[in-house]
Structure formats: structure tokens, C-alpha cells
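K.L.:
Prediction below, plus the sequence it came from.
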Amino acid sequence: MRRARWALATLVGLGSVLGLASSAAAHPLGNFTVNTYAGVIVRPSEVLVDAVLDLAEIPAFRERRAIDRNGDGDLGPEELAAYRAAACDRLAADVVVTVDGERVPLAPLSKARLSFPPGVGGLPTLRLECPLRGALASPLEGAAATVRVDNGAYAGRIGWHEITLVGDGVELTGADAPSSSVSDRLRAYPPDALPLDVRRASASAIPGGSRLAALPWERSSAPVVRADGGLLGRLAARPTLSPGLIGATILVAIGLGAVHALGPGHGKTLIGAHLVGAGGSLRGAVVVGTAVAGMHTASVLGLGLVVWSAERVVEPERIYPWVGIVAGLTALALGCALLVGRVRASGRTDGRGAHPHDHAHPHGTGEDDGAVGHGHPHGLGRRGIVALAVSGGALPSPSALVVLLASMSLGRTALGLAAIAAFSVGLAATLIAVGTLALRARAAAERRFAWATGRLVPIGSAAVIALVGLALALRGVAQL
């Protein structure tokens with residue numbers, strides 16, 4: 001027990017020392033996000049909009065492939081100019097500004113900027129800055145005018161969406177949006193702030209306010225804050241890789257998988273709950289941990305294939321909620337089946353919690369094809385193990401997906417696949433360690449509280465599995 005705890009603590013320390021996780025948060029909602037900012041500047045005779053688009057690693061990966069029209073792997077000046085013009089025209093159409101109910105037609109200025117700041121795992125992000133301008137049909141005079149903004153850019157996409165309102169020679173009153181950006185125009189997201197999802201704003205405008213010293217796109221700005229992807233990302237992105245560096249990449253991937261399994265998540269909870277309730281042997285912990293890790297590998301590879309080959313058909317971030325719902329419902333069904341079986345079995349125990357039938361059969365994993373092993377009322381059959389694997393491993397790790405895509409974009413697909421396999425080895429090792437701890441905890445409880453262990457613990461663990469499944473399913477529904 002003490003050795004297992006020491007091993008887990010060592011893995012946590014190893015992750016910190018190796019820098020497996022980045023210290024800077026690139027995007028507050030993850031690697032799949034599309035983030036927008038509309039900084040509206042109201043003047044007496046015109047409206048200016050500082051429209052900024054920030055794509056996280058996964059959508060930027062897809063967008064770069066769309067920009068590369070000739071498919072040669074390089075983004076030429078003509079391809080970049082064409083994308084910049086088309087994207088700014090789209091933002092000009094999607095950001096709607098009205099003054100007293102009349103829409104102000106916006107058009108891009110010739111000062112757009114397109115860049116690709118480095119992101120997690122060496123995979124670039126995408127940043128587009130499009131200054132827009134629209135003339136008012138009637139200049140603002142003495143009476144207050146109502147200015148409304150509706151940012152419809154990339155509607156429905158998950159991300160940080162922000163609006164600011166400021167006057168330039170115009171005084172704004174009653175504004176329901178701030179005058180300055182808390183994210184510095186999507187350059188540095190505040191680590192402690194809740195993600196913004198502001199799509200509409202309004203204010204009353206009266207001529208006569210102070211003038212701005214400079215427009216946002218004319219000011220010198222600090223570099224964009226991005227995560228460096230940790231040691232694994234830096235190794236995978238090296239221009240040349242020696243055998244020693246390849247070996248180091250594999251070892252770091254194993255450590256990353258081990259540390260990832262220690263983070264917040266439902267996989268450990270499901271495995272721990274099952275093994276505490278079912279008992280069994282180390283073999284059972286190995287089978288369950290390996291099954292969950294294998295499912296995680298399959299989910300990463302499957303989503304990677306979607307991003308790589310079907311990015312114009314399916315938006316990967318839209319797959320996540322449905323995968324969560326499937327995983328949650330699977331866990332809920334498994335937990336309910338176990339709960340019913342264990343409640344029934346508890347009624348057939350003697351006063352000491354012992355089962356009247358023969359205990360010579362194996363515990364924990366079961367050998368039948370059913371979801372609940374008939375060899376033992378607490379065990380799992382093959383379909384039950386599959387259900388547990390789906391519940392605990394169907395949601396892929398975005399960081400593992402980024403490493404895979406980064407390797408593929410560099411022409412190192414084999415290295416990416418090897419890194420994902422190594423990641424799963426580390427993940428499985430930690431899950432097996434967690435399962436071993438759960439078995440030892442059950443054994444210790446059996447020596448002191450045999451009756452509770454025999455009746456209450458199995459029922460309680462089944463209830464935990466069902467509740468975790470319900471929580472996963474509800475979270476997936478909320479993300480739709």
C-alpha cells in the first residue's frame with residue numbers, strides 16, 4: 001500500500017519536473033475553441049470595429065489546410081492574401097451594428113493582419129485582426145442615439161466571445177459592455193476569469209466626448225501569450241530527431257499518460273468504484289485498466305482521423321458532447337445493472353454477508369458474455385468490461401490529440417502514433433495502480449467490516465458508477 005502511494009506521488013512529481021503540462025493557459029475553453037472579439041468605436045459620423053479572430057490549435061489546423069489551396073504544404077503570399085480578404089469580408093457581414101435601428105454597412109480596411117502564434121505541442125494557432133469601418137447614414141447630432149452590436153461571427157462555436165464599446169468624439173452612456181478588453185484583444189486570457197460569451201451589447205451615444213489617442217490596431221501590443229506545450233511538444237517539434245531524442249519522446253509520453261490519469265476525471269472513479277465493489281485480483285485490475293486505456297487510444301486516433309480527413313463535414317468539437325452522452329449512458333446502464341444484481345444478491349446472503357453458493361469461481365472479471373458476470377453477483381462479464389472501457393476511455397485527451405496532429409503535420413506520423421501508444425501505456429499503468437489500491441482498500445475493509453463489505457460496499461459502488469454516468473450524460477447534454 002505504501003509503495004503504491006509512493007509510486008503515484010513520484011508520477012506527479014515527475015510530471016512537474018518534466019514540464020508535461022504547460023504553465024500558461026493558451027485558451028480558457030481548450031484546444032477546440034473559436035474565439036472572437038469585437039471592439040466597437042463610435043464616432044459622430046462613422047463606426048469602427050476592431051474585429052479579432054483567434055482559433056485554437058485544432059480549428060487552426062483545419063483552417064491552414066483550407067488556406068493551402070494547392071496542397072503543397074506551404075502557405076504562399078497569394079493564398080494568405082486570399083484567405084485574409086475572404087475572412088475579413090465574412091467578419092464584416094457577421095458583425096451587425098445598428099444606430100437607432102438602422103444597420104451600418106461595414107467594410108474591411110486595408111490593415112488586416114494574419115499570424116500563426118505557436119500553440120500547444122508546436123501546433124500553430126491562428127490570429128486574424130480585421131479593422132472594419134462603416135459610415136453613418138445621418139451623423140450624430142444633439143439627440144442621443146441607440147447603438148447596438150450583434151456579433152454573429154462563428155455563431156454556435158464554443159469559445160471566448162467578447163465585445164467592448166468606446167466613444168471617439170462621442171460620449172457613451174448606459175453601456176452594457178466595458179470600454180476595454182479584459183483579454184487584451186484575445187492576446188492574454190485572464191487565468192482566473194470565467195470564459196466570456198458576450199454576443200450583444202448596446203449604449204446611448206451623444207456627440208461631444210473625448211477623442212482617442214490612437215486606434216487599437218495602431219498601438220504597439222505585447223506578444224500573444226500562448227502555451228509552449230511542455231517537454232513532449234518541444235521534443236516532437238524538433239527539426240531533427242536522433243534515436244536518443246525519439247527514445248526520450250516515448251518516455252516522456254509514457255510519463256504524460258501516467259500523470260494525465262492522475263488528473264481530474266471519471267475513469268479512475270469508475271475503475272475504483274468497480275473494483276472496490278467487486279473485489280477480485282490484480283489480473284482484474286490489469287484487464288480493466290488496459291481496456292480503458294485501449295479505448296482512450298482508439299478515441300484519440302478516431303478523432304484525429306476526423307480532423308485530418310473529414311474536417312469540412314464534421315466539426316470535432318461537436319462530437320465531444322455526443323461522445324460524453326454515450327459514455328455517460330453506458331456507465332449509467334452498467335451501474336444500474338450492477339445495482340439491481342447486487343441488491344438481489346444481498347437478499348441471498350447469510351447473516352455474515354457470505355454467499356451461500358460456491359466461491360471457487362473467479363472474482364472481478366467474470367467469464368461469461370453478459371454485462372454482469374454470473375460467476376459472481378459483483379463481477380463483470382466481457383460486455384461489462386467493454387461498457388466500463390467505453391465509459392472511462394471514450395472521451396479523448398485533447399493534449400494527446402494535439403501531439404498526434406502536430407506530428408502528422410510535420411510528416412512524423414509514425415512518431416505521433418508511437419507517442420499515443422506510449423501515452424496509453426502510462427495511462428494504463430496509473431489506472432492499474434489505482435485499481436490495485438482499490439483492491440487493497442477493499443481487503444483491509446473486509447478484515448474489519450466483513451458484513452458492510454459484503455453487502456453495502458458492492459451496492460454503494462454500483463450506485464457511484466450509475467451517478468457518474470448520469471453526471472457525464474447531463475454534462476454532454478448541456479454542451480450540445
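P.N.:
Yep, that arrived.
K.L.:
beta partners for V170?
P.N.:
Per DSSP bridges, the residues bridged to V170 are P207.
K.L.:
Report the separation between it and A38.
P.N.:
17 Å (C-beta to C-beta, to the nearest Å). All C-beta atoms are positioned from the backbone trio N, CA, C, and that covers glycine.
K.L.:
more crowded one of the two?
P.N.:
Higher neighbour count among V170 and A38: A38, with 28 against 23, using other C-beta atoms under 10 Å.
K.L.:
Look up which residues are beta-bridged to the more buried one.
P.N.:
On the basis of DSSP bridges, A38 is bridged to A51, I163.
K.L.:
Check whether it really touches A92, as I assumed.
P.N.:
No - counting by C-beta atoms under 8 Å, A38 stays clear of A92, with 11.1 Å between them.
K.L.:
what touches both of those two?
P.N.:
A51 (C-beta atoms under 8 Å, 6 or more residues apart in numbering).
K.L.:
Give me the buried positions along stretch 321-338.
P.N.:
Buried residues in stretch 321-338, defined by neighbour count with 16 or more other C-beta atoms under 10 Å: 321, 323-338.
K.L.:
Ok, stretch 135-147 next?
P.N.:
Residues 136, 140, 144-145, 147 are the ones in stretch 135-147 that count as buried (16+ other C-beta under 10 Å).
K.L.:
and this structure, what are its domains?
P.N.:
Residue ranges of the domains in the chain are recorded as 34-227, 231-479, according to automatic domain parsing.
K.L.:
which of these has the lowest average pLDDT?
P.N.:
Ranked by mean pLDDT, the domains of the chain bottom out at domain 231-479, with a mean of 71.
K.L.:
And what about A66, helix, strand or coil?
P.N.:
Classification of A66 using DSSP: H, G, I helix; E, B strand; the rest coil returns helix.
K.L.:
That one: neighbour count?
P.N.:
Residues lying near A66 (other C-beta under 10 Å) number 11.
K.L.:
ditto for V97
P.N.:
Neighbours of V97 (other C-beta under 10 Å): 23.
K.L.:
Contacts only, for it.
P.N.:
40, 47, 49, 103-104, 106, 134, 147-150.
K.L.:
pretty sure it is in a strand, no?
P.N.:
Yes - assessed by three-state DSSP, V97 belongs to a strand.
K.L.:
Show the contacting residues for the residue lying closest to it once chain neighbours are set aside.
P.N.:
Nearest non-adjacent residue to V97, counting by C-beta to C-beta, 6 or more residues apart in numbering: V104, 4.6 Å away. Contact analysis of V104 by C-beta under 8 Å, 6+ apart lists 47, 97-98, 134-137.
K.L.:
quick one, helices of the stretch 201-350 of the chain?
P.N.:
230-236, 243-262, 267-278, 282-309, 316-346 (DSSP state H, counting those that start in this stretch).
K.L.:
Tell me which of these lies nearest to I163.
P.N.:
The minimum distance between I163 and these falls on helix 316-346, with 22.1 Å, by C-beta to C-beta.
K.L.:
which other helices and strands contact that closest one?
P.N.:
With contacts taken as 3 or more C-beta pairs under 8 Å, 6 or more residues apart in numbering; DSSP states H and E, helix 316-346 sits against helix 57-67, helix 267-278, helix 282-309, helix 382-393, helix 450-479.
K.L.:
and if we set it to 10 Å?
P.N.:
Secondary-structure packing of helix 316-346 (3 or more C-beta pairs under 10 Å, 6 or more residues apart in numbering; DSSP states H and E): helix 57-67, helix 267-278, helix 282-309, helix 382-393, helix 398-409, helix 450-479.
K.L.:
At which residues are the strands of the stretch 1-150 of the chain located?
P.N.:
Under the criterion DSSP state E, counting those that start in this stretch, strands of the stretch 1-150 of the chain are mapped to 34-42, 46-55, 95-99, 102-103, 107-108, 113-115, 126-135, 145-151.
K.L.:
what angle separates the first one from strand 46-55?
P.N.:
If I follow you right, that is strand 34-42. Relative orientation of strand 34-42 and strand 46-55, computed by axes from the mean of the first three to the mean of the last three C-alpha atoms, to 10 degrees: 170 degrees.
K.L.:
So A144 versus S202, what's the distance?
P.N.:
Separation of A144 from S202 (C-beta to C-beta): 12 Å.
K.L.:
Between these two, which contacts overlap?
P.N.:
Common neighbours of A144 and S202, using C-beta atoms under 10 Å, 6 or more residues apart in numbering, are 172, 174.
K.L.:
For the chain, identify the residue most remote from the centre.
P.N.:
For the chain, the residue at maximal distance from the C-alpha centroid (C-alpha atoms, centre = their mean) is G142, at 49.8 Å.
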